[in-house]
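Enquirer: what's the 3D shape of this:
(2 chains, ligands or ions: 2)
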Amino acid sequence: MRTGDLLALRPAGLYCEAGDFYIDPIHAVPRALITHAHADHARPGHEAVLATDDTLAVMAIRYGAAFAGETQAIGYGENLRIADADVCFYPAGHVLGSAQILVQDAGSRIVVSGDFKREADPTCAPFEPIACDTFVSEATFGLPIFRHSHSRNEIAKLVASLRLFPERTHLVGAYAFGKAQRLIALLRQAGHDRPIYIHGALEKLTEYYASRGIALGNVRKVTGATDLAGEIVLCPPSSTNDLWSRKFAEPLVAFASGWMRVRARARQSGIELPLVVSDHADWDGLCATAVETGCSELLVTHGEADALVHYAQTRGIAAEPLHFTGYGDDEATPAETAA
Amino acid sequence: MNRFAQLLDRLQREPSRLGKLRLMTDYFRSAPDPDRGFGLAALTGALSFRYAKPGLVKALIATRVDPVLFDLSYDFVGDLSETVALLWPAGAAEEEDALPLSTVVRALSDTGKIDLPRVLAELLDGLDETGRWALLKLITGAMRIGASARLAKQAVAKLGGKGIDEIEDLWHGLALPYIGLFAWLEGREPRPITDDPAPFCPAMLAHALEEEELTDLPPAEFFAEWKWDGIRVQAVVGEKSGKVVRLFSRTGEDISAAFPDLVDMLASLPCRTVSIDGELLIRRDGRVQSFSVLQQRLNRKRVCAALLADYPAHIRAYDLLSLDGEDLRALPFFERRRGLEAFVACADTARLDLSPSIDFKSWDFLAAARRDPLAAGVGPDAAAIEGVMLKRCDSAYVPGRPKGLWYKWKRDPFTIDAVLMYAQRGHGKRSSFYSDYTFGVWHQTAEGEALVAVGKAYFGFTDEELGKLDHYVRNHTSNRFGPVREIAHGKEEGLVLEIAFDGVNRSSRHKSGVAMRFPRINRIRWDKPVREADRLEALDALLRE
Ligand SMILES: [Zn+2]
Ligand SMILES: [Zn+2]
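Expert: Ligands and ions are numbered 1, 2, ... in the order given. As a prediction, this is how the structure comes out:
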């Protein structure tokens, strides 16, 4: 890592000595800056946490109000000096509250992007490329086989299936934070105005999104023994095949994840209707972003790092994988989440 | 192409057999001739092209995609057709079936070697991702959509309310694009007549015996024989201005060319026509050799005189399906067996003998024979036995795997506790999961006590276990060598797998000197300490037995 002076990789994650803080550490630490509230990046138990207000709010919903010793909210574009380092948060376009974190000192600018995507998303602020010397990227879909079409095409598939099988409940597995709410918002944009039903596990987060002014329309929690034929029911990935799902009318199992682009992934998990909707940048998005930041060094935290590293090198960018395990559970396939 | 591509795509997603059957029957009902015939050929594995081969696909994609990125992608997806379909620069979607399947198949078969890359590229440009995937499936020949050739034939049979046996009986005399077959099934024409002088009869297969079942089976109604460990074959002699001799594999593939020694023997049999079901074995100096010896002959591409002399092929006969123009398949087994005994005796040739029966009065007696064939008096051929077969004395020869007639009772597998050492992504259904596992056992090496790899297993686990293993692999990778992940293993860390296998062979290809037969994961020993895994000596001991 050329960034050795400003950021270093420690067992708990990326560490900034000048500011004595970690970014998205995987163990409890004295001071953590959190890019977004997905569980693999945001863990409970830190002494102090700095994050956007949405990230802090979602962490509180998931872990309880006492998830950290003390918390501090920071707005997008707001500059903050922590000891000898300057930090600033910018939108990452991944989920509500997600941020890239710019860390700089007199010598260099590093952007740690957490998870990000480039496609427009009605539930969060759009990604902004930030000029930097070193860009720290994810690579969840870091292979050229991952080219996600517009998510509206995938939503159209779901709506068409509903028309084709009006007697079946369309059970859509989606990650509880971000993906589920985005699907609801996308369905509304596509003109689907029926009530949308959600599993109890999605309730609090969905309510939070609505309270932030995101148009989700009529959303109801699934209750009682109703079979909901012809309706859309959203649930966490692990619930599509469990007992809970059996009460519905001939459930047609759909699953919204970038992995659905690969047939074997969909087939392995018994998905009838794979929906390629991802909260991560696809291959073109990853490549374009690395180039747009103008970075001279690319570090890849998690995912399919090798291909992105290779691509960057062919573009004259020094690149290497960080070989860091601990991230990468937020686009899990049902088979993985069952484990 | 659209319609066929949609069919393949839906088939690979449809979990139930009935659902697949319905999808295929719908396709055969609604697709026009000759397209549906080509569809049927594709689904039954009957299409193959002279020049359009996987190598061509790889060469073509290399002109569009960085080779490093291709390799990484292929490793991730595990399936060549899908990798290329996903990587191919997106073209315009096909207009409503503008490119009929028959046109595609003809373009692939009629285009010469020089023009083929251009023609294939143009085809790919005109299709969407699913269309490209389906087209490439045709070329690579590996459908892997969970629908067997037999299921496709069953779907065709349903079209005319016929049984699958009627299709199977006709099958080997039919030709692409099966216009006559469809006309017959739709009641527009009489049954097609085949004039194949030496046709393949679909084979009758046995069910694996569950030992509890024995209590309900009366021993007196069964015939028992050894299950020989070679390759199941059907030897057919017909006549059409001279003798026509063919040797078929169990699935009806013509393998005559690889066995001229058997073809000569069959041509000289004392009959006009005959069809024998038997096991192909290597018999050297009056002794049947183990499967690994047979494999050495099967592995050679070129059949030369030395190979024929060193690995003399032999047929051990199980059944007589027809003789001198008479179809015997409807007769009870014991009558066919009597005919077979007489025929083999009269043939009197060294390369054909009778599969000996096992005289038994009780299941206990047979169980003992199965455990110890040598003690049961099988003689020097014991190395080639993999269990016993039970056949109802009154069973007709029914194609497929009919219930309650024939049983195979394989010898119990051996097991060892081994340690997971490397993992690779699987292929086909398991592609994109780490599902190929290399495992090892302890051995005293020059550098001290170490794990040596002894085999690879890629099945035996449930989907849920696969999810857990995949997770384990990703979280315990200690090193990467291209597509291979090294999994942390040593005295203090690692995962123990209980491996079941059918036997061991000596092997010069493996560093350990042994190769296991048919290894599979029997159990995952999540909590067993790695130190307690087995040692190489345990396998060596089996080798000496
Ligand atoms: Zn995330
Ligand atoms: Zn992540």
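
Enquirer: now B:F439, what's its secondary structure?
Expert: With DSSP: H, G, I helix; E, B strand; the rest coil as the basis, B:F439 sits in strand.

Enquirer: Report the beta-bridge partner residues of it.
Expert: With DSSP bridges applied, B:F439 shows beta-bridge pairing to B:L420, B:G455.

Enquirer: For it, give its distance to B:L536.
Expert: Going from B:F439 to B:L536 by C-beta to C-beta, to the nearest Å gives 12 Å. C-beta: built from backbone N, CA, C; applies to glycine.

Enquirer: Count the neighbours of the residue of the stretch 351-500 of chain B found nearest ligand 2 for me.
Expert: Nearest to ligand 2, among the residues of the stretch 351-500 of chain B, is B:R474, at 13.8 Å (C-beta to the ion). Residues near B:R474, counting by other C-beta atoms under 10 Å in any protein chain shown, number 16.

Enquirer: that older thread, of B:F439 and B:L536, which one has the most company?
Expert: The neighbour count for B:F439 versus B:L536, taken as other C-beta under 10 Å, is higher for B:F439 (29 against 20).

Enquirer: surely the more buried one meets B:V452?
Expert: No. B:F439 is beyond contact range of B:V452, at 10.3 Å (criterion: C-beta atoms under 8 Å).

Enquirer: Need the residues touching each of the two.
Expert: With C-beta atoms under 8 Å, 6 or more residues apart in numbering or on different chains applied, the contact sets of B:F439 and B:V452 do not overlap.

Enquirer: Kindly confirm my reading that B:A515 is in a strand.
Expert: Yes. Using three-state DSSP, the assignment for B:A515 is a strand.

Enquirer: what about the closest residue to it other than its chain neighbours, how many neighbours?
Expert: Among residues not flanking B:A515 along the chain, B:S507 sits closest, at 3.6 Å (C-beta to C-beta, 6 or more residues apart in numbering or on different chains). B:S507 sits with 16 neighbouring residues when counted by other C-beta under 10 Å.

Enquirer: For B:S507, grab phi and psi.
Expert: phi -140, psi 130 (degrees, to the nearest 10).

Enquirer: cool, the one 4 residues further on as well?
Expert: Reported as degrees, to the nearest 10, the phi and psi values for B:K511 are phi -60, psi -30.

Enquirer: Around it, how many other residues sit close by?
Expert: The local packing of B:K511 (other C-beta under 10 Å) involves 13 other residues.

Enquirer: same question, B:G187
Expert: 9.

Enquirer: Distance check, it against B:G161.
Expert: The value you get for B:G187 to B:G161, if C-beta to C-beta is used, is 9 Å.

Enquirer: and whatever helix or strand the residue of the stretch 351-500 of chain B closest to ligand 2 lives in, average pLDDT?
Expert: Take DSSP states H and E as the rule and B:R474 turns out to sit in helix B:463-475. Averaging pLDDT along helix B:463-475 gives 86.

Enquirer: Would you map out the domains in the chain?
Expert: All of this is about chain A. With domains defined by automatic domain parsing, chain A comprises A:8-145+A:279-331, A:151-275.

Enquirer: if you could check chain B rather than the one you did, that'd help
Expert: Following the assignment in automatic domain parsing, chain B carries domains at B:2-140, B:207-403, B:414-544.

Enquirer: interface residues of chain B facing ligand 1?
Expert: Residues of chain B lying close to ligand 1 (C-beta under 5 Å from the ion): none.

Enquirer: Same question for the stretch 101-250 of chain A.
Expert: Selection of the stretch 101-250 of chain A residues close to ligand 1 by C-beta under 5 Å from the ion yields A:D115.

Enquirer: By proximity to chain B, which residue of the stretch 101-250 of chain A wins?
Expert: Proximity of the stretch 101-250 of chain A to chain B (C-beta to the nearest C-beta) peaks at A:I145, 3.9 Å away.

Enquirer: Could you report the distance from that residue to B:F28?
Expert: As judged by C-beta to C-beta, A:I145 and B:F28 stand 32 Å apart.

Enquirer: same question, B:K20
Expert: With C-beta to C-beta as the criterion, B:K20 and B:F28 are 13 Å apart.

Enquirer: Could I get the full set of helices for chain A?
Expert: Along chain A, counting by DSSP state H, helices occupy A:53-63, A:151-164, A:179-189, A:203-211, A:263-268, A:283-292, A:305-314, A:334-338.

Enquirer: Need those helices in TSV (columns: mean pLDDT and mean neighbour count).
Expert: Formatted as TSV, those follow (pLDDT from 0 to 100; neighbours: other C-beta atoms under 10 Å in any protein chain shown):
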stretch	mean pLDDT	mean neighbour count
helix A:53-63	97	20
helix A:151-164	92	16
helix A:179-189	97	23
helix A:203-211	97	18
helix A:263-268	78	24
helix A:283-292	96	20
helix A:305-314	95	21
helix A:334-338	35	21
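
Enquirer: okay, those in TSV with distance to B:D359 next?
Expert: Conversion of the helices of chain A to TSV gives the following (distance: least, C-beta to C-beta, whole Å):
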stretch	distance to B:D359
helix A:53-63	72
helix A:151-164	62
helix A:179-189	67
helix A:203-211	72
helix A:263-268	49
helix A:283-292	68
helix A:305-314	63
helix A:334-338	51
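
Enquirer: Turn the domains of chain B into JSON lines, including distance to A:L243.
Expert: Shown next, in JSON lines, are the domains of chain B (distance: least, C-beta to C-beta, whole Å):
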{"stretch": "domain B:2-140", "distance to A:L243": "18"}
{"stretch": "domain B:207-403", "distance to A:L243": "29"}
{"stretch": "domain B:414-544", "distance to A:L243": "15"}
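
Enquirer: Could you work out which of the ones you listed reaches nearest to A:V172?
Expert: Relative to A:V172, the nearest member of the domains of chain B by C-beta to C-beta is domain B:2-140, separated by 15.7 Å.

Enquirer: That closest one: how far from the chain's middle?
Expert: 23 Å (C-alpha atoms, centre = their mean, to the nearest Å).

Enquirer: where do the contact lists of B:K20 and B:F28 overlap?
Expert: In contact with both B:K20 and B:F28: B:A155, using C-beta under 8 Å, 6+ apart.

Enquirer: My guess is A:D105 contacts A:I82. True?
Expert: No. Applying C-beta under 8 Å, one finds A:D105 not in contact with A:I82, separated by 10.9 Å.

Enquirer: Check the offset of the helix holding B:R474 from the chain's centre.
Expert: 27 Å.

Enquirer: so after it, what's the next helix or strand?
Expert: Past helix B:463-475, the next helix or strand by DSSP H and E is strand B:477-481.

Enquirer: Give me the sheet partners of that next one and which way each runs.
Expert: strand B:484-487 (antiparallel).

Enquirer: Which parts of the partner strand count as buried, going by neighbours?
Expert: Neighbour counts over strand B:484-487 (16 or more other C-beta atoms under 10 Å in any protein chain shown) mark B:V484, B:R485, B:I487 as buried.
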